[in-house]
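[1] Got a predicted model here, sequence first, then my questions.
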Amino acid sequence: MYILRAFAFLLFLTQVVLAQQPTPIVPDPKLTPGDTFDVTAQDVCTPGYARKVRNVPVEMKRQVYREYGITSQGPGDYEIDHLISLELGGSNSIKNLWPESHRTSPWNAQVKDRLEDKLHELVCSGQLDLKTAQQAIASKWIEAYKKYVSPNPPSSRLASPIASESPLNSDQVWVNTRSGKFWKPGSRFYGKTKQGEYMSEKEAIQKGYRPANGTGE
């Protein structure tokens with residue numbers, strides 16, 4: 001009897017943990033096979049390219065959530081992400097969009113960002129062909145992470161229920177994704193705008209964002 005009760009309790013705990021892990025963790029290939037613009041490595045390696053082509057209307061984001069059966073969510077649970085990132089030539093087609101979790105561990109939106117940056121770096125340094133990078137991230141991005149970033153799962157902190165409540169690192173800037181400007185720690189607008197996300201200053205500049213007021217202060 002004691003063993004049965006212990007097993008039931010463990011099963012309950014497992015269900016609770018799973019309930020706290022939003023899904024989907026990986027994109028559905030039938031809904032999100034990936035899609036690209038007709039661009040070259042030179043195009044995607046031009047500073048500001050990703051920002052210039054970014055265009056995902058709010059209604060399209062809602063449609064993505066509906067296709068994946070997500071009818072309710074907490075603030076910051078997901079972001080509508082490009083499977084093949086814009087900085088790798090991915091398009092804004094709904095075939096390239098999926099609800100990516102911020103709160104699953106160890107694989108989440110922050111971790112995929114690391115992969116995108118690494119592949120972009122390899123493409124722009126001539127170490128990797130653009131098509132190869134696109135295929136790698138579109139097929140199985142977690143396997144691509146293990147191959148190009150690290151074979152071991154990353155140790156990443158789960159995002160807070162308010163996705164943009166605090167940065168992952170104290171040296172990150174806050175990007176207002178609507179205005180295309182970023183703010184540095186200490187600014188009164190740091191982490192305060194309605195739309196935005198934290199990232200390193202290098203990544204922000206690489207994606208075409210610019211410091212607010214010329215300094216980010």
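    Thanks, I have the structure now. Keep in mind the model is a prediction, meaning the values are calculated, not measured.

[2] and Glu116, how many residues sit next to it?
    25 (other Cβ atoms under 10 Å). No exception for glycine: its C-beta is placed from N, CA and C like everyone else's.

[3] Give me the helices and strands touching the helix or strand hosting it, please.
    Assigned by DSSP states H and E, Glu116 belongs to helix 109-124. Contacts defined by 3 or more Cβ pairs under 8 Å, 6 or more residues apart in numbering; DSSP states H and E place helix 109-124 against helix 41-44, strand 78-82, strand 97-101, helix 130-139, helix 141-148, helix 201-206.

[4] among the ones you listed, which is the most enclosed?
    strand 97-101 (a mean of 25; mean count of other Cβ atoms under 10 Å).

[5] tell me how far it is from the chain's mean position?
    Counting by Cα atoms, centre = their mean, to the nearest Å, strand 97-101 is centred 8 Å from the centre of its parent chain.

[6] which residues sit against it?
    Outside strand 97-101, the residues that touch it by Cβ atoms under 8 Å, 6 or more residues apart in numbering are 21-25, 27-28, 31-32, 56, 60-61, 64-65, 68, 70, 77-83, 108-109, 112.

[7] Outline the domain layout of this structure.
    Listed by automatic domain parsing, the domain ranges of the chain are 22-156, 164-217.

[8] Out of the contacts of strand 97-101, which end up buried?
    Neighbour-count burial (16 or more other Cβ atoms under 10 Å) applied to the contacts of strand 97-101 gives 22, 24, 27, 32, 56, 61, 64-65, 68, 70, 77-83, 108-109, 112.

[9] By mean pLDDT, point me to the weakest helix or strand of this structure.
    Least confident element among the helices and strands of the chain, by mean pLDDT, DSSP states H and E: helix 2-19 (a mean of 45).

[10] In this structure, where is pLDDT below threshold?
    Counting by pLDDT under 70, the chain has low-confidence residues at 1-24, 155-171, 178, 193-195, 216.

[11] Grab the most central residue of the chain for me.
    Computing the C-alpha centroid of the chain and ranking residues by Cα atoms, centre = their mean puts Ala109 first, at 3.6 Å.

[12] Verify the contact between it and Asp81 for me.
    Yes - using Cβ atoms under 8 Å, Ala109 is in contact with Asp81, at 6.3 Å.

[13] With adjacent residues omitted, what lies nearest to Ile80?
    Lys61 (4.3 Å; Cβ to Cβ, 6 or more residues apart in numbering).

[14] Pro33 now?
    Nearest residue to Pro33 in three dimensions, chain neighbours excluded: Lys95, at 5.8 Å (Cβ to Cβ, 6+ apart).

[15] what do you get for Leu115?
    By the measure of Cβ to Cβ, 6+ apart, the closest residue to Leu115 outside its immediate chain neighbours is Tyr145, 4.5 Å from it.
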